[in-house]
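Asker: Would you be able to build a 3D model of this:
(chains A and B)
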Protein chains: 2
Amino acid sequence: MALIVQKFGGSSVADAESIKRVAKRIVETRKAGNDVVVAVSAMGDTTDELIDLAHEVTPLPDPREMDMLLTTGERISMALLAMAIKSMGVEARSYTGSQAGMITDAQHGSARIVDVTPVRLREALDDGAIVIVAGFQGFNRDTKDITTLGRGGSDTTAVALAAALGADVCEIYTDVDGIFTADPRVVPKAHKIDRVTSEEMLELAAAGAKVLYIRAVEYARRHGVTLHVRSSFNNNEGTWVVESIDGPNEGDTVEEPIITGVAGDLNEAKITVVGVPDVPGKAAEIFTIVAQTGANIDMIVQNVSAAATGLTDISFTLPKSEGEKVLTALRAGQGSAGFQSLQYDDQIGKLAVVGAGMRTSAGVSAQLFRALSDAGINIEMISTSEIRISVVTRADTLNEAMRVVHTAFGLDGEAEAVVYAGTGR
Amino acid sequence: MALIVQKFGGSSVADAESIKRVAKRIVETRKAGNDVVVAVSAMGDTTDELIDLAHEVTPLPDPREMDMLLTTGERISMALLAMAIKSMGVEARSYTGSQAGMITDAQHGSARIVDVTPVRLREALDDGAIVIVAGFQGFNRDTKDITTLGRGGSDTTAVALAAALGADVCEIYTDVDGIFTADPRVVPKAHKIDRVTSEEMLELAAAGAKVLYIRAVEYARRHGVTLHVRSSFNNNEGTWVVESIDGPNEGDTVEEPIITGVAGDLNEAKITVVGVPDVPGKAAEIFTIVAQTGANIDMIVQNVSAAATGLTDISFTLPKSEGEKVLTALRAGQGSAGFQSLQYDDQIGKLAVVGAGMRTSAGVSAQLFRALSDAGINIEMISTSEIRISVVTRADTLNEAMRVVHTAFGLDGEAEAVVYAGTGR
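Answerer: Below is the predicted model:
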């Protein structure tokens, strides 16, 4: 008998009918002989609606009270889900993050899990009950306050429970069939990936793929939790996210594609610090200024300095929403850092190809660059890791670039991908 | 410096604007130098909407999960209220029933308070903060489950907090100016009562008056809590509910009216058990059958038996919603109880006049009966207590009867009562 953790997102429980449908699925899993623990998000757009309501009251809602407010969303859906299951004659009990032993730090709005002590959950499972847990929330032992886990919190709840309970699998239910080789709305020939390593999944998520949150994937990787991303609308196999594929050398088997997926991101902007004196410490000074703003920097590229001038340009990308504060900080530090000027470009697109097979296959970069140049698409920045290559292009060429690259790496499926409404989360 | 507990109902916090208005009021109370604790209901019709949502999922929602679901309403309003107060630069913190130390039995949906241990609230007050507590909810120590207190729960929360914290007053805010001598929508000449004893308030509430719940009034009476029922829309004095008025003999002063108020109730039905053998034990047998259904019986009247037949009729009133189950139980027990037949009448109206002054004034009954007979209104049943006289009339004459009696006892105000939208709760 297996212990299965299942996570259902907001669109899966958007109304009473959906809740009953999800309840039926959970009961089927239980009746197949498994112990079942469910992490559930708030219904539909509830969380966003509560945030809007708070902002009607005040433009700066207190963080502690915001967490008290937002956690009601998951309480509502978990109670309704437990009711639905019980009405089908199967025992079920709902638990808040606090009751489930989800212990966090005191960082309201983005709390980190420090411990998971699911004592009451184990008792309920021993009683034969299905356990429903409110996603996205925890409890701080010092302040005795409720906390929320931030974006992707329900995925993180599910994975954390799976790790703490030693679950055999953590099923993440979504409104698409699994992780795709690219966003099917941009690349119609994308197909569902059968298996992906958690390392690849991390890179895909960081590069913009929108089905799993980085944090949950990283937690799963660190604690050895197997993820299965699948559709809540059918019983098809989805995408398995595993530690590694086929033993130590990914890509050994001929059938494994070198590239697992292609991701695109239009949410970044590029800042170029022009004319940085090419002396030791200047780059550090510039990035210290940037770091103090708290902004998340993505790609960094430094050009070779022009020997004649002794000056170099440093470019980096970051979320558009953080551009303003970084520019302001850099302008303020210009005198001390000594650079000539700043350029801001928010018309960039970032494309990444990800694949564990890249490690052992030469020529992936060349193949990528050739595919893009054959399509007349200019590459402006390049950044790589062991299993990922990212390039920056013009924003308006990104979608075409994704399709071209997807085809060039043999990822095109035989049929057009079925595109579901929704964000795939 | 006084400690004031304030209770705000659903219509007072129906939307963001109302919440900000209530927050302003609370801050004014604090800035006047008082410690303030607030019990708040769910916004507007939230509780009813959540109940409807549950019934969309299943016709028989599990009680434990229902309490988990319903308690989100008060959590939402308390968090928003605390946010609003903090945005005005005043420290405020919200607490669930559990965090506030509201300990109850395990009766989901109608839990009784067994202990109140407001440790965290006292700490917050010592820190100078305004304390906001979710009304209507508590916590059971054995099951560690959230519970709800049933109808009037937020009033009860407020009074229980006032008792446990030794508050100087418990202010119940509503959308009318206070307790009226009669429902102003039925008796336009009704006026606001300045002071009423808790004993009178109990009778008025039991008789149908809809501003305070019996349970909260009884809790206040038992623990010596002074209540002040007032409007959330203005700063006028409302109605003070006190232990006694003017020393041991109510009605001593000439100005105190003999009758404090007139209440009407259209929610009851009358069952007559016809032809009960007039022997010892029969009435007991009949009311044992009734008691086993759990129904709340109100007035009981037994007519003198007809000597010739040795049979008597017993009539009693009860809420219409309980009529069906009681009739069913009585029919089932007819053979053993030996009565002839049952009659059911759901077209009755119950009128009550309440007044502590009744104790020391003769002739109140006579005055009541004369006023009704002068108006051609027939009395079908009579029942009395020390400070209340209740009569049953036809339902369609109830409203007129209330106006007639209101006038006959000198309660008519000089101006027409201002009628607010809302239920007066």
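Asker: What residues does A:Thr71 make contact with?
Answerer: Residues near A:Thr71 by C-beta atoms under 8 Å, 6 or more residues apart in numbering or on different chains: A:96-97, A:134, A:136-137, A:146, A:148, B:75. Bear in mind the C-beta positions are built from the backbone N, C-alpha and C, glycine included.
Asker: Return the members of those classed as buried.
Answerer: A:96-97, A:134, A:136-137, A:146, A:148, B:75 (16 or more other C-beta atoms under 10 Å in any protein chain shown).
Asker: all helices of chain A, in order?
Answerer: A:16-31, A:46-57, A:63-87, A:119-126, A:153-165, A:198-206, A:214-223, A:282-292, A:323-332, A:334-337, A:364-374, A:398-408 (DSSP state H).
Asker: how big is the angle separating the longest one from helix A:46-57?
Answerer: Read that as helix A:63-87. If you take axes from the mean of the first three to the mean of the last three C-alpha atoms, to 10 degrees, helix A:63-87 sits at 140 degrees to helix A:46-57.
Asker: buried stuff in helix A:63-87?
Answerer: Buried positions in helix A:63-87, judged by neighbour count with 16+ other C-beta under 10 Å: A:63-87.
Asker: next one: the second one
Answerer: Buried residues in helix A:46-57, defined by neighbour count with 16+ other C-beta under 10 Å: A:46-47, A:50, A:53-54, A:57.
Asker: can you narrow the residues you listed to ones near chain B?
Answerer: When these are checked against chain B using C-beta under 8 Å from any C-beta of the partner chain, the ones in range are A:50, A:53-54, A:57.
Asker: wait, which of the residues you listed is closest to chain B?
Answerer: Nearest to chain B, judged by C-beta to the nearest C-beta, of those is A:Val57 at 4.9 Å.
Asker: can you tell me how far that closest one sits from A:Leu69?
Answerer: Here the criterion is C-beta to C-beta, to the nearest Å. By it, A:Val57 lies 10 Å from A:Leu69.
Asker: Which neighbours do the two have in common?
Answerer: In contact with both A:Val57 and A:Leu69: B:80, B:83, using C-beta under 8 Å, 6+ apart.
Asker: so how many other residues sit close to A:Arg141?
Answerer: 13 (other C-beta atoms under 10 Å in any protein chain shown).
Asker: Tell me the pLDDT of it.
Answerer: Listed pLDDT for A:Arg141 reads 95.
Asker: For the closest residue to it other than its chain neighbours, list each beta-bridge partner.
Answerer: Counting by C-beta to C-beta, 6 or more residues apart in numbering or on different chains, A:Arg141 lies nearest to A:Ile103, which is 5.9 Å off, once chain neighbours are set aside. When assigned by DSSP bridges, A:Ile103 has beta-bridge partners A:Asp115, A:Phe139.
Asker: Just list the residues touching A:Ile103, thanks.
Answerer: Residues near A:Ile103 by C-beta under 8 Å, 6+ apart: A:113-117, A:138-141.
Asker: now, which of those residues sits nearest chain B?
Answerer: Proximity of these to chain B (C-beta to the nearest C-beta) peaks at A:Phe139, which lies at 11.2 Å.
Asker: Surely the closest one touches A:Ala106?
Answerer: No - assessed by C-beta atoms under 8 Å, A:Phe139 is found out of contact with A:Ala106, at 10.2 Å.
Asker: which of the two has more neighbours?
Answerer: A:Phe139 (20 against 15).
Asker: measure that one to A:Ser77 for me?
Answerer: Distance of A:Phe139 to A:Ser77, computed by C-beta to C-beta: 19 Å.
Asker: go on, A:Asp177?
Answerer: Taking C-beta to C-beta, one finds A:Asp177 at 23 Å from A:Ser77.
Asker: With A:Gly166 instead?
Answerer: With distances taken as C-beta to C-beta, A:Gly166 is found 26 Å from A:Ser77.
Asker: quick one: buried residues of stretch A:353-361?
Answerer: For stretch A:353-361, a neighbour-count test (16+ other C-beta under 10 Å) marks A:353-358 as buried.
Asker: Which members of the residues you listed are positioned in strands?
Answerer: By the criterion of DSSP state E, membership of the buried residues of stretch A:353-361 in strands covers A:353-354.
Asker: Pipe the buried residues of stretch A:353-361 into a markdown table and attach distance to chain B and pLDDT per row.
Answerer: What follows is the buried residues of stretch A:353-361, written out as a markdown table (distance: C-beta to the nearest C-beta, whole Å; pLDDT from 0 to 100):
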| residue | distance to chain B | pLDDT |
| --- | --- | --- |
| A:Val353 | 45 | 95 |
| A:Val354 | 41 | 94 |
| A:Gly355 | 44 | 92 |
| A:Ala356 | 44 | 86 |
| A:Gly357 | 47 | 84 |
| A:Met358 | 48 | 84 |
